[in-house]
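> quick one: sequence and predicted model below, then my questions.
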Amino acid sequence: MKLELRHLRVVCAIAEEGSLSKAASVLGLAQPALTAQLHRVEGLLGGKLFDRDHRGARPTALGELVLERARVLLPAFSRLQEDALRLVDDDQPTDRYRVGAVNGPMLGGLVHRLTESHPGAHVSTQVSWSGDELAAMVAGGRLDYVLAGVCGNASPPDGHGLAWSVIAVDPVFVLVPEGHPFALLEEVELAALKDTQWAAVPGDGCFGNCFVAACSRAGFTPRPMYEVDMAGCIDLAAAGDAVVLCQPTFRRTPGVVTVPLAGVPLRWRHLIGWDPEGPAAALGPQVLRYAAEAYRETAERNPRYAAWLARHPEYGAVAHHLPA
């Protein structure tokens, strides 16, 4: 993982608010998620950024250095975005679709449908590990739509005034090597994997905490999780170095297979959001329909998941898309 602007915003928010709990409230994050982000940033920079006690959080010498640079970089980046938007706004076509997405199965299919159904439209994409970051870009007028996901019944990224609709609800599967003892099972109990090393792609939200809670209900405490990109997850799974928590729509890949978890201990909701007061709102229902079609197509490409959905019709694409 590389240092990103969103990490600098987290550091600045903690310094400005003087505590992680207040910063989490301002950023619209759960405190455990903010704490995890801070630990990742400290790991990237090689040391503690804050001394924390009952009085709050105070920057260390390294933290002061990072804050000094961040307070220059963040305003400069914002001015760059504003100037660029002003420069290109007059040249942009009125038929425009700017889509942000967190790791998920629908972006490619959605772009295909937009470009096929609207020849000449300007379609652009932005990806991030952070749904909150993309939601803020929609609220700030830099994106029109955001595809994001949340764990279980968790709320969408809030504090941005977006309208959210549910596209689909998925179980969480595991990715294992083809030769794994559980690879051919119809499903595997979470407890049967208690001695394994785990891996998943990074992101904000409560998924890590929900996973630990699910393991606790299954009677064990999991090992610390590797957070790597999807290519790294595939490599770890194929080598047998980790069991990967993955979306069931994961495309078939040589060397690895997806296996359902018995009882669906973890769920994932796919969402789309837009500014209800912005110009993109008028086309929101149409983009939502395209996203749902893209999801169904992706789910059908995975025979194992398609068979699982036939036995569990309560999952998959949502028939009536209501606000999240």
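Nice, thanks for sending it over. Numbering: from 1, shown residues only.
> low-confidence regions, the chain specifically.
The chain contains residues with pLDDT under 70 at 1, 82-94, 320-324.
> hmm, try it at 80
Along the chain, the model assigns pLDDT under 80 to residues 1-2, 25-30, 33, 78-79, 81-95, 103-104, 159, 204-205, 319-324.
> all helices of it, in order?
5-17, 20-27, 31-45, 61-89, 107-117, 131-139, 207-217, 230-239, 284-300, 303-311 (DSSP state H).
> tally of neighbours for the residue nearest to residue 243 when sequence neighbours are not counted?
Once flanking residues are discounted, residue 243 sits nearest to residue 196: 4.6 Å by C-beta to C-beta, 6 or more residues apart in numbering. To be clear about C-beta, it is placed using only N, CA and C from the backbone, and glycine gets the same treatment. Neighbourhood size, residue 196 [other C-beta atoms under 10 Å]: 16.
> cool, and residue 221?
Neighbours of residue 221 (other C-beta under 10 Å): 8.
> again, but for residue 64
By other C-beta under 10 Å, 13 other residues sit near residue 64.
> also residue 187?
Neighbours of residue 187 using other C-beta under 10 Å come to 15.
> so it makes contact with residue 259?
Yes - using C-beta atoms under 8 Å, residue 187 is in contact with residue 259, at 6.9 Å.
> now do the phi/psi pair for the residue nearest to residue 243.
For residue 196, the backbone dihedrals (degrees, to the nearest 10) come out as phi -90, psi 160.
> that one contacts residue 223, correct?
Yes - the pair residue 196 / residue 223 is scored as a contact, 7.5 Å apart, by C-beta under 8 Å.
> would you mind measuring from residue 271 to residue 203?
Applying C-beta to C-beta, to the nearest Å, the value for residue 271 to residue 203 is 13 Å.
> neighbour-wise, which of these two wins?
Each of residue 271 and residue 203 has its neighbours counted (other C-beta under 10 Å); residue 271 has more, 26 against 21.
> mind listing what the residue nearest to residue 243 touches?
Applying C-beta atoms under 8 Å, 6 or more residues apart in numbering to residue 196 gives the contacts 223, 242-243.
> nearest to residue 248, of the helices of the chain?
Residue 248 lies closest to helix 303-311 among these, at 4.2 Å (C-beta to C-beta).
> which positions in that closest one come out as buried?
Buried positions in helix 303-311, judged by neighbour count with 16 or more other C-beta atoms under 10 Å: 304-305, 308-309.
> likewise for stretch 291-301?
Quick answer for stretch 291-301 (16+ other C-beta under 10 Å): 291-299.
> now for these: which two are most distant?
Across the buried residues of stretch 291-301 (C-beta to C-beta), the longest gap, 12.6 Å, separates 291 and 299.
> I figured residue 97 hits residue 120, correct?
No - contact criterion C-beta under 8 Å: residue 97 and residue 120 do not qualify, at 11.7 Å.
> comparing the two, which residue is more hemmed in?
Legend: neighbour count by other C-beta under 10 Å for residue 97 and residue 120, higher for residue 97 (22 against 7).
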